[in-house]
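Novice: turn this into a model:
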Amino acid sequence: MCCKVCDTHSSVSLCECAVRCVCSSLCRLSGCRVTQRGCDSLASALCSKPSHLRELDLRYNHPGDSGVKVLSAAKLDTLTLLVEHGGENRMKPGPRKYGCRLTLDPNTAHRELSLSEGNRKVTNTPRREEPYPDHPERFESEPQVLCRESVCERCYWEAEYSVPARGGVYIAVTYKGISRKGRREGCWFGLNKNSWCLWCDKHSYYVRHNDNHTDLPARPSPYHRAGVCDDGAGAGVCVYRVGVCVDRPAGTLSFYSISDSDTLTLLHTFHTHFTQNTPLCAGFRVWGGCSVSLCQLE
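Specialist: Have a look, this model is predicted:
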C-alpha cells in the first residue's frame, strides 16, 4: 500500500495512515514527504497493536535521525526498514523532491563538444575540435555527451539550453550501453529503443523514442531569470529551462517546461518498462552554436 495521506500535516490523517500501514504486510511511503512527526505516528502504531508489516519503505523522505531511531526502536525483528535517499529536499512538492546532481562525462563527449563550468555545461564548437584522447565510450560521429552518474530509481534534474535563431538540442535519457560508433540509428538519441529524448529549439518541442516522433503543442518560453533575453526580432540568443524526471519503479519518464516563476508544466510522459539492473544516464545532443547547462537545484 502507498498511503498518500501522509503528505498532509493532519495528526488524524497521520494516525490513520499509521494504522493502515501496520495492518498491511508492505507499506510503501516512498516520496510521500514523511517527517519525524510521521515516524512518531508509525512507531506508536507499531507498538500499540499486533502488526503484519514486513517492509516499510520510507525512501525519499525526511525522517531525520530521530525519526529513524524511533522506528528502529519500535520495529519488529521481522520488519525491514528502508530509509535511503532521505533529506530536507525531499519535502519539496512535485518531482523536485527527487532532485539529483549530475555532471557531464568528458570521456563520452564528441570532439565538437566543449565542456566547461566544472563539467556542468556543454557547447557545440563546430569549427574547433577538442583535443580529447581516444576513449571507447566517446561518441565518434554524433555531437552527444552523457552524464557521469547513473540515474537512480527516482531522479529529477533541470537543464538550461541556449539556442541562436536556428539550431536546437536534445535532452535525453538513455541506457548507458548505447552505441558510440557509427551514425544515425545506433547511437542517435531517440532513433533507437535504448533512448528517449525531447527536442528543444526556440519555437517548438517534440519527443522521440525508437524513431517514433510526436510533436508537442506547447511552445518554448524564454527563461529570463537566466539573464539572457531575446532581442525582440527573434534573432538573438535565448535561454530556456526544462526539467526531467525518471521514476524507474513506475516506468515513467517525464519532461517539463519551466517558467520564469519556476512553475513546472508537464510536456510529455513516456510510459515504458525500464530494463532492471541496466544503468540509465542523462544525455545531450547539441547542435552548432547551442549550449546546455545542468542547473543547480536549491
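Novice: give me the domain ranges for the protein.
Specialist: 4-87, 98-294 (automatic domain parsing).
Novice: in the stretch 1-150 of the chain, mark out all the strands, start to finish.
Specialist: Remark: strands assigned in the stretch 1-150 of the chain by DSSP state E, counting those that start in this stretch are 26-28, 55-57, 80-82, 113-116, 121-124, 144-146.
Novice: these: lowest mean pLDDT?
Specialist: When the strands of the stretch 1-150 of the chain are compared on mean pLDDT, strand 26-28 scores lowest, with a mean of 77.
Novice: for that one, enumerate the helices and strands it packs against.
Specialist: The contact analysis (3 or more C-beta pairs under 8 Å, 6 or more residues apart in numbering; DSSP states H and E) places strand 26-28 against strand 55-57. In this view, the C-beta of every residue, glycine as well, is placed from N, C-alpha and C.
Novice: and the strand it packs on, how far out from the chain middle?
Specialist: Here strand 55-57 shows a centroid-to-chain-centroid distance of 23 Å under the convention C-alpha atoms, centre = their mean, to the nearest Å.
Novice: nearest residue to Lys121 other than its sequence neighbours?
Specialist: Nearest non-adjacent residue to Lys121, counting by C-beta to C-beta, 6 or more residues apart in numbering: Ser293, 4.3 Å away.
Novice: next, count neighbours for that neighbour.
Specialist: Per other C-beta atoms under 10 Å, the neighbour tally for Ser293 reads 21.
Novice: ok, it - contacts?
Specialist: Counting by C-beta atoms under 8 Å, 6 or more residues apart in numbering, Ser293 makes contact with 117, 120-122, 159-161.
Novice: redo that, cut-off 10 Å
Specialist: 104, 116-117, 120-123, 158-162, 226, 239, 241, 284 (C-beta atoms under 10 Å, 6 or more residues apart in numbering).
Novice: pLDDT weak spots in the stretch 101-250 of the chain?
Specialist: Along the stretch 101-250 of the chain, segments meeting pLDDT under 70 span 225-237.
Novice: quick one on the thing from earlier: how about JSON lines for the strands of the stretch 1-150 of the chain, with mean neighbour count added?
Specialist: Below are those laid out as JSON lines (neighbours: other C-beta atoms under 10 Å):
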{"stretch": "strand 26-28", "mean neighbour count": "19"}
{"stretch": "strand 55-57", "mean neighbour count": "19"}
{"stretch": "strand 80-82", "mean neighbour count": "13"}
{"stretch": "strand 113-116", "mean neighbour count": "18"}
{"stretch": "strand 121-124", "mean neighbour count": "21"}
{"stretch": "strand 144-146", "mean neighbour count": "25"}
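Novice: minimum distance to Ser261: which of those strands has it?
Specialist: strand 121-124 (24.2 Å; C-beta to C-beta).
Novice: how close does Val122 get to Pro222?
Specialist: 20 Å (C-beta to C-beta, to the nearest Å).
Novice: make that Ser195, sorry
Specialist: In terms of C-beta to C-beta, Ser195 sits 27 Å off from Pro222.
Novice: neighbour count winner among the two?
Specialist: Legend: neighbour count by other C-beta under 10 Å for Ser195 and Pro222, higher for Ser195 (24 against 19).
Novice: just the helices in the stretch 1-150 of the chain please.
Specialist: 11-22, 36-48, 64-74 (DSSP state H, counting those that start in this stretch).
Novice: just want the angle from the shortest one to helix 36-48.
Specialist: Looking back up the chat, that one is helix 64-74. Between helix 64-74 and helix 36-48, the angle comes out at 10 degrees (axes from the mean of the first three to the mean of the last three C-alpha atoms, to 10 degrees).
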